[in-house]
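Visitor: fold the following, please.
(chains A and B, ligands or ions: 2)
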Amino acid sequence: MVSATSQAPAGAPLVQTNVDYDPNVVIDTQNLTKVYSDFWGRSKVRALKGLDLEVRKGEVFGLLGPNGSGKSTTIKLLLGLLFPSGGRATIFGKPTTEVSKNERIGYLPEESYLYRFLTAEETLDFYGRLFDMPSDLRRERAAKLIEKVGLKWARRRPLREYSKGMTRRIGLAQALINDPDLVMLDEPTSGLDPLGTREMKDLILELKEQGKTVVMCSHLLADVQDVCDRIAILYQGELKEMGRVDELLEVTNQQQIRVEGLTKDAQAKIAEILAQSGGKMLDVSSPKNTLENLFLDIIRESQARPGARGIIGSGDDNGGR
Amino acid sequence: MVVEEFRSFSDWLLTEGALLTFVFVAAFCAVTGLLLGFLVSSFRHGPGEAFYAVSQTVFQAVPDAFGMKFRRIWAIGRLAMKENFRLFLVTLIIFVTSLAVAGWFIGGGGKYPERSYVSFLFFAAQILISIFAVLVSAFSLPNDILSKTIYTVVTKPVRASEVVLGRFVGFAVLGTVLLTFVGALSYVFMVRGINHTHELSEEITADKWLPIVDGFTPDGRRPFDPRAVFESTVLTTRNNDHVHRIAIVVLDDGTFDVVADETAGHTHSVEVVETDPETQRPKVVSFGPPRGNLRARQPIYSTPRGDLPALSLTDENGALNNGVNVGEIWDYHKYIQGGTQATATFRFSGITPQRFANTDSVNVDLNLAVFRTHIGDLRRRIEAEIELRNVVDVAETETAQVKSVKIPFETEEFKVQTLTIPRKLKNGTIRTVGQPDQVNQEFDFFEDIVPNGELDLVVRCIDQKQYLGVARASIYFHAGDSSFGWNYLRGFLGIWAQMLAIIALSVALSTFLKGPVVLIGSVGVIVFGYSAKFILFVADSVIGGDRLADVWGGGPTEALYRLVTQMNLQHPLPIGLGSDIIEFVDAKVLLPGMKSLSFAVPRFENFNLANYLAYGYAIDNHMLMINLTTAFAFAVGMLIIGYFCFKTREIAAA
Ligand SMILES: Nc1ncnc2c1ncn2[C@@H]1O[C@H](COP(=O)(O)OP(=O)(O)OP(=O)(O)O)[C@@H](O)[C@H]1O
Ligand SMILES: [Mg+2]
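Guide: Ligands and ions are numbered 1, 2, ... in the order given. Here you go, the predicted model:
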């Protein structure tokens, strides 16, 4: 997946090139590093350490990790809200500081940072203007999205009167106002009721169906498991695990067999075969782990053994870091 | 009114070096900005990377400038307006309240009520608008960043230039609307405050008719001389804190006029409503609205002609000099001695019949100062004369006829005095080289005196031992008045220009500073701009080294030292290393720095055009253009700085 790891140290050139731009690669980061520094340039927090990431068109990509592991930092770097301290990142083959990339991006921040004195309609109208949309298109989109996020009943109320979940919903509508090709959702389900969570998941799948790319971070692992194609797990700014969800959760050293209508005879034969090879038949199938277990395992392991971990499916063992 | 600066726009821009200063300041800012950016960037990422980053930023400015979309700028502007609508209302309410309060103490009773009105209203409007401008623009962007609402904005295809310009536009529109309200309200307030009429304080009865006074102007024409009515004992009611005396003035054709004297800067027209059937004397009169308070005179000042200055003085022997020093340091007048041949010559051009609507008389306004060396006859005024003289081509001096006419008058001090010069002039003199003078000539003012629009106006003081003070603005031809309302609007344009400058300044500072810091910074810059003249004055004298001759107390460090040690200003600093350091810091570091900085900041006091209105003069077009250009140039510079600061700012790192 990721081509050869760039071995550039932190502080390496921020040179952005897109000579080898592949239209199927939506997000590409190489050795992306972020050090938060104070006013005097002294480093405070190493929030992201050499992240190599590639998100392809049409994927639903999940960023996981405990609090403070660098998920939001990654998203902000990708959006150009933060400048990388090292490494490089491109979106649609463009540098992250390029404004025009935003035409095709929708972003739902970790909290909905919206103007509290605007109503839902005014909010969407405002963001629509920022996309230079003509007024009839703005009105049409706004009406549709307000309907979609279920806020029609409150569309004329200023956001300062909104509950957390309502704000979250209008935040989502805001992220979709431009019918984006890439949607970045920072904890999309936080604050939502069970119904809202359900709708959010449906929405993500719907976006996927439309061929859009979704990058999300979330702590609700069951949800991630339901919707994500691939995930990356961050721990203290380091990438600990990345791969396809179905591959990651497959327990490869066990098989599960479930059959129907097997005769006693056949069963005996299978048991015999198993006995010959020293096994004892329980049930034949590949059982699925839960993402929750995988996550906790990785975090526990990372706590016990700090440092890089081999990554499945990344096509590169990152051993050097 | 003290007009000390006669500047034409082109002189200001080119000769005085405004354009050059702008180019220089802009170049300086550009170089400093590049250097600073490079230093900060190389400190973080190393010099090679820094070079790349800086050039990247510079090159991206091009699409950021040309890729701006009006819809986005306006969206951000509208948002900024909505955000501050409450402050807008509060400011308006404060202004209306201050008007209500002011109504209690600004009366119409002073000598010039319009002056108290205008100076109060302009002061209030200027302060209020400035505070409003600083407040809205100082906190908007910092709060947006603090509350992170900016995240959802800059992750849209919005350029840094649009964020900065949009804010400026929003605040400017909001401020303009506020200023419109403030201007309209204050105008109505003033006009209503000044407008009034009177009634007779007592009935006119058979044993007390209106007195008849001698009220002719020297040529027997209207307008009559209102001083004459001083003698009358018939008074009007006291309205707006003043009364008028009224009397009958008989005109030379045998008709008469009932007139009110000039009090509080105005008179009223008086109409006879009812006359006594027997004597035909007026019994009941009614008064019109006040006349003379709210004016916008359009003066034609003297101008330099070729190498000759606009105004030149000669001494008693006819030799050019600089006037007599009467020992009044702050007086800007130059004095000529009375009873001698000392003259003051004003050179005019552009005196054309078209400009005076071909009337049969032309007004010359005089604002002369008088310096008395002896009391003389206190009830008499100082006598003087003006001589009007046509200007002949130097090449034709030999053959040309110099036509001149002398008009004697009595000076009125402390007010604008109008001499009405009839078009048909009597008692003229024609002087031709080598021939005896022809006297008692009759001239047509436009045809004989100013055939080419040019004339010399020579002033002499007739009373011996008295002195007459003149300045360039003391004498001007008065072509007519423009509308006061229109002039008032132009006065508000000055405040508007100042508002734009302040908004741009605060928006620029708010791209990299926190709200309260922006507030302090903006106020600091404004105060600095107001004191730029003084700073230049101090800097020039301290840097020059000849301190005793000029400014007491020295530069900022020395002043601080004196303040802390409570040292007398005249007392020299103790000799030693300490004072050497103080002097070095002042003369070599601080003052040169402040001096250079003072060229980058507008002279804010120039934005106040209230004096023109208060004294009843049309605001000079050149002055207005200079103001607007200064404000726009400053605003553009500030917005560009703001753009680069915002562009290079890491928004989520705050
Ligand atoms: N503006 C900032 N200045 C300094 N340090 C910061 C800043 N923002 C984040 N950090 C630090 O960077 C690290 C990563 O933060 P980040 O917000 O990316 O975590 P996260 O994975 O999104 O966590 P959460 O699950 O709680 O949202 C944390 O240690 C945090 O303290
Ligand atoms: Mg986060």
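Visitor: hey, let's count contacts and neighbours off CA atoms from now on
Guide: Fine.
Visitor: quick one: pLDDT of the residue of chain B at minimum distance from ligand 1?
Guide: Ligand 1 sits closest to B:A653 of chain B, with a gap of 4.2 Å, by Cα to the nearest ligand atom. Per-residue pLDDT puts B:A653 at 81.
Visitor: what's the answer for A:D317, then?
Guide: In this model, A:D317 carries a pLDDT of 39.
Visitor: the one 4 residues further on now?
Guide: Residue-level confidence at A:R321 comes out at 33, pLDDT.
Visitor: with A:V284 instead?
Guide: pLDDT at A:V284 comes out at 56.
Visitor: all helices for the stretch 201-321 of chain A, in order.
Guide: For the stretch 201-321 of chain A, the helices defined by DSSP state H, counting those that start in this stretch occupy A:221-227, A:245-248, A:264-276, A:291-304.
Visitor: correction: the previous question concerned the stretch 551-654 of chain B.
Guide: With helices called from DSSP H, counting those that start in this stretch, the stretch 551-654 of chain B shows them at B:556-565, B:577-584, B:591-598, B:610-614, B:621-647.
Visitor: what's the longest one packed up against?
Guide: Here helix B:621-647 touches helix B:9-10, helix B:160-194, helix B:484-510, going by 3 or more Cα pairs under 8 Å, 6 or more residues apart in numbering or on different chains; DSSP states H and E.
Visitor: next one: it to chain centre, how far?
Guide: Relative to its parent chain, helix B:621-647 has a centroid offset of 21 Å by Cα atoms, centre = their mean, to the nearest Å.
Visitor: look at residue 203 and say how many residues are nearby.
Guide: By default, I'm working from chain A. A:L203: 15 surrounding residues under other Cα atoms under 10 Å in any protein chain shown.
Visitor: if you could check chain B rather than the one you did, that'd help
Guide: B:E203 has 13 neighbours, counted by other Cα under 10 Å.
Visitor: just checking, which helix or strand of chain B averages the lowest pLDDT?
Guide: The helix or strand of chain B with the poorest confidence is strand B:212-213; it has a mean of 66 (mean pLDDT, DSSP states H and E).
Visitor: tell me the strands beside the helix or strand just after that one, with direction?
Guide: Per DSSP states H and E, the first helix or strand lying C-terminal to strand B:212-213 is strand B:234-235. Strand B:234-235 sits in its sheet next to strand B:245-250 (antiparallel), going by DSSP bridges.
Visitor: before we move on, the earlier item: please identify the most buried of the helices and strands packed on helix B:621-647.
Guide: Highest mean neighbour count of those: helix B:484-510, a mean of 25 (counted as mean count of other Cα atoms under 10 Å in any protein chain shown).
Visitor: just the pLDDT at A:T290, thanks.
Guide: Note on A:T290: pLDDT of 74.
Visitor: now do B:R72
Guide: pLDDT recorded at B:R72 is 95.
Visitor: who are the contact partners of it?
Guide: For B:R72, the contact set (Cα atoms under 8 Å, 6 or more residues apart in numbering or on different chains) comprises A:R129, A:L130, A:F131, A:D132, B:V158, B:E162, B:G166.
Visitor: tell me the SS of the fifth one?
Guide: Using DSSP: H, G, I helix; E, B strand; the rest coil, the secondary structure recorded for B:V158 is coil.
Visitor: any idea how far it is from chain A?
Guide: Separation of B:V158 from chain A (Cα to the nearest Cα, to the nearest Å) stands at 6 Å.
Visitor: which bits of chain B sit near chain A?
Guide: Contact residues, chain B versus chain A (Cα under 8 Å from any Cα of the partner chain): B:44-45, B:49, B:69, B:71-72, B:75, B:79, B:82-83, B:147-159, B:650-653.
Visitor: identify the residue spatially nearest to B:G642, adjacent ones excluded.
Guide: Take B:G642 and drop its neighbours on the chain: the residue closest to it by Cα to Cα, 6 or more residues apart in numbering or on different chains is B:A508, 3.9 Å away.
Visitor: same question but for B:L425, I mixed them up
Guide: Nearest non-adjacent residue to B:L425, counting by Cα to Cα, 6+ apart: B:F443, 5.0 Å away.
Visitor: in a markdown table: the helices of the stretch 551-654 of chain B, plus mean pLDDT, mean neighbour count and distance to B:S361.
Guide: As requested, those are exported to a markdown table (pLDDT from 0 to 100; neighbours: other Cα atoms under 10 Å in any protein chain shown; distance: least, Cα to Cα, whole Å):
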| stretch | mean pLDDT | mean neighbour count | distance to B:S361 |
| --- | --- | --- | --- |
| helix B:556-565 | 87 | 15 | 57 |
| helix B:577-584 | 84 | 15 | 62 |
| helix B:591-598 | 85 | 17 | 48 |
| helix B:610-614 | 89 | 23 | 25 |
| helix B:621-647 | 93 | 20 | 26 |
